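# here is a sequence with its predicted model. Questions after.
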Amino acid sequence: MKVTVVGAGNVGATCADVIAFRQLADEVVLVDIRENFAEGKALDIYQTTSLMDVKTKISGSTNDYSKTANSDVIVITSGLPRKPGMTREELIGTNAGIVKSVAENALKYSPKAVIVVISNPMDTMTYLTLKSLGLPKNQVIGMGGILDSARFKGYLGLALNAPAADLQGTVIGGHGDTTMIPLTRLATVNGIPASQFLSADQLKQIAADTMVGGATLTKMLGTSAWYAPGAAGALLVESILRDQKRVMPCCVYLDGEYGQKDICLGVPVVIGRNGWEKIVDYKLTADEQEAFNKSADAVRSMNNVLKELNVL
Ligand SMILES: NC(=O)c1ccc[n+]([C@@H]2O[C@H](COP(=O)([O-])OP(=O)(O)OC[C@H]3O[C@@H](n4cnc5c(N)ncnc54)[C@H](O)[C@@H]3O)[C@@H](O)[C@H]2O)c1
Ligand SMILES: O=C(O)C[C@H](O)C(=O)O
């Protein structure tokens, strides 16, 4: 199995490192536009392989997509990250052109690859990738909800003084500070509703902290986060390569599901070897559905900007 990660920056290199460390693929290729940058990151990761007993082959390339030929999965992380005080949506002007050209270049050499979009604003970049390449809808998956759910479980874990790994929690909707929807109703501690241990106010605060989880880290770090984003990307790649059929909240094309059409938005999906296979219906309450519809309205207005930018 071969994975290409485009963008060898913080998120891309972390994702490649986790994929290599966990030996999810036989080969990982990192690509970046910056001269020798991907080669350097790949060499650094390669030099960990004898220390970590890893057999995965890793290489880097400056914009030469022929080295990515026959990839099973292409992960797109290229583009600007936000700075403190910015929204993800403000990145659209720069990142739309980058994501579109990168996806076109990568697809030429790996027409059957499942494409994982991470660059922000992720919901709109996923829609752009799907629409501009004209691919079957199951082949394009945006990663945001897996990360947001990890943060949700992290904040739940801190409040409960429990390991986050023992908790279940899902975030659906857009991957934006105001568009994501942490489903507190469905959060559990090994099957027991979190509401049995936490007050409604505590759960509300956890949901609010989750929604601004990326902004909080951006303020602390001066740029956006990368360890959990890279690991979340790798987890999605794992379910694809190993055909695990895990149910994961991912940004996929909706054609009537969850009451929305012609939009890519975060919902629970089954992830397997050919991409996303099936959308799972969580049977939202009226309030949750209303929040989902509002999230869709906001993402749709960003998608409309793609036409103004002449990329779609
Ligand atoms: N969806 C998510 O959950 C999530 C999480 C974290 C970050 N992100 C997004 O991922 C993106 C990358 O974040 P980062 O922290 O790694 O940024 P970064 O600046 O560290 O890395 C981005 C890399 O992209 C490269 N690049 C730019 N244009 C390119 C092109 N045309 N071809 C190939 N490479 C190109 C840059 O040279 C740079 O190395 C940002 O848009 C960020 O907002 C998304
Ligand atoms: O917050 C960001 O801008 C990056 C990413 O989307 C994240 O959630 O960490």
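Arrived safely, thanks for sending. Ligands and ions are numbered 1, 2, ... in the order given.
# not counting stretch 36-48 itself, show me its contacts.
8, 12-13, 16-17, 20-21, 28-32, 54, 58-62 (Cβ atoms under 8 Å, 6 or more residues apart in numbering). In this view, the C-beta of every residue, glycine as well, is placed from N, C-alpha and C.
# to clarify, my last question referred to stretch 229-239.
So stretch 229-239 is contacted by 3, 10-19, 22, 24-25, 73, 75, 77, 116, 118, 141, 143, 146-147, 150, 244-246, 248, 250, 271-272 (Cβ under 8 Å, 6+ apart).
# among those, which ones are in helices?
Counted as lying in helices by DSSP state H, out of the contacts of stretch 229-239, are 10-19, 146-147, 150.
# from those, which are also near ligand 1?
By Cβ under 6 Å from any ligand atom, the members of those lying near ligand 1 are 10-12, 147.
# any chance of a markdown table for the residues you listed, columns pLDDT and distance to Leu309?
Listed next are these as a markdown table, based on pLDDT from 0 to 100; distance: Cβ to Cβ, whole Å:
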| residue | pLDDT | distance to Leu309 |
| --- | --- | --- |
| Asn10 | 98 | 25 |
| Val11 | 98 | 23 |
| Gly12 | 98 | 23 |
| Leu147 | 98 | 26 |
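# in those, find the pair that's most separated.
Farthest pair in those (Cβ to Cβ) is Gly12 and Leu147. Separation: 14.5 Å.
# okay, domains of this structure per the record?
What automatic domain parsing lists as the domains of the chain is 2-143, 145-308.
# now tabulate those in a markdown table and tack on mean neighbour count.
What follows is the domains of the chain, written out as a markdown table (neighbours: other Cβ atoms under 10 Å):
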| stretch | mean neighbour count |
| --- | --- |
| domain 2-143 | 21 |
| domain 145-308 | 19 |
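# ligand 2 is nearest to which of these?
Nearest to ligand 2, of all those, is domain 145-308, at 2.4 Å by Cβ to the nearest ligand atom.
# quick one: the strands in the stretch 1-150 of the chain?
For the stretch 1-150 of the chain, the strands defined by DSSP state E, counting those that start in this stretch cover 2-6, 27-32, 57-62, 73-76, 114-117, 140-142.
# show me the one of those strands that comes nearest ligand 1.
That would be strand 27-32 among these, by Cβ to the nearest ligand atom, at 4.4 Å.
# elements contacting the closest one?
Strand 27-32 makes packing contacts with strand 2-6, helix 10-21, helix 37-46, strand 57-62 when contacts are defined by 3 or more Cβ pairs under 8 Å, 6 or more residues apart in numbering; DSSP states H and E.
# and the longest one, how far out from the chain middle?
Remark: helix 10-21 is offset 13 Å from the chain centroid, using Cα atoms, centre = their mean, to the nearest Å.
# show me what that helix is packed up against.
Secondary-structure packing of helix 10-21 (3+ Cβ pairs under 8 Å, 6+ apart): strand 2-6, strand 27-32, helix 37-46, helix 227-241.
# as CSV, those with distance to ligand 1 and mean pLDDT would be great.
Below are the helices and strands packed on helix 10-21 laid out as CSV (distance: least, Cβ to the nearest ligand atom, whole Å; pLDDT from 0 to 100):
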stretch, distance to ligand 1, mean pLDDT
strand 2-6, 5, 98
strand 27-32, 4, 98
helix 37-46, 6, 98
helix 227-241, 3, 98
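# which of these sits closest to Glu104?
Of all the helices and strands packed on helix 10-21, strand 2-6 sits nearest to Glu104, with 11.3 Å by Cβ to Cβ.
# pairing partners for that closest one, with directions?
Counting by DSSP bridges, the strands paired with strand 2-6 are strand 27-32 (parallel), strand 73-76 (parallel).
# C-alpha coordinates for it, PDB please?
Extracted C-alpha coordinates of strand 2-6, given in PDB (Å, rounded to 0.1, in the frame of the first residue of the first chain):
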ATOM      1  CA  LYS A   2       1.200   3.500  -0.900                       C
ATOM      2  CA  VAL A   3       0.200   6.800   0.600                       C
ATOM      3  CA  THR A   4       1.000  10.300  -0.600                       C
ATOM      4  CA  VAL A   5       0.800  13.200   1.700                       C
ATOM      5  CA  VAL A   6       0.900  16.600   0.000                       C
END
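# close to ligand 2: what parts of the stretch 151-300 of the chain are there?
With Cβ under 6 Å from any ligand atom as the criterion, the stretch 151-300 of the chain meets ligand 2 at residues 175, 214, 218, 224-225, 229.
# show me which residues of the chain sit near ligand 1.
Looking at ligand 1, the residues of the chain close enough under Cβ under 6 Å from any ligand atom are 6-12, 31-34, 37, 77-82, 88, 91, 95, 98, 101-102, 118-120, 122, 143-144, 147, 175, 223-226, 229.
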